[in-house]
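> 3D model of this:
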Amino acid sequence: MNTPLATDHVRITLDGQAHDLPAGSSLADLLASLGHGEDAVATAVNQSFVPRSQRATTLLRPGDQVLFFQAIVGG
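Numbers count the residues shown, from 1 in each chain. As a prediction, the model looks like this:
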């Protein structure tokens with residue numbers, strides 16, 4: 001019987017490009033590792049908006065699609 005090998009990283013898609021992260025990384029960890037400030041960008045995972053307050057608890061999994069974008073305000 002084959003058992004899956006434990007891995008110490010996950011591969012996500014970040015703005016359309018493959019990106020490897022340490023296993024257990026949150027969306028907040030990803031932002032910090034790329035040098036983005038908390039308020040610099042808005043975020044979505046798998047096409048769902050992730051509010052700033054939920055980034056630290058949003059753990060990234062293999063295959064997740066992450067998008068950073070500039071929030072547009074005004075009317």
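> mind listing what Val45 touches?
By C-beta atoms under 8 Å, 6 or more residues apart in numbering, the contact list for Val45 reads 27, 58, 60, 64-67. For glycine as for every other residue, the C-beta is placed from the backbone atoms N, C-alpha and C.
> Please flag which of the residues you listed sit within strands.
Among these, the members found in strands (DSSP state E) are 65-67.
> What is the nearest of the contacts of Val45 to Leu21?
Leu60 (6.1 Å; C-beta to C-beta).
> re the thing from before, mind putting the contacts of Val45 in TSV, pLDDT and distance to Leu14 included?
TSV is the format used below for those (pLDDT from 0 to 100; distance: C-beta to C-beta, whole Å):
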residue	pLDDT	distance to Leu14
Leu27	97	11
Thr58	98	14
Leu60	98	10
Asp64	98	9
Gln65	98	8
Val66	97	5
Leu67	95	8
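> So Leu27 versus Gln17, what's the distance?
Look at Leu27 and Gln17: by C-beta to C-beta, to the nearest Å, they are 16 Å apart.
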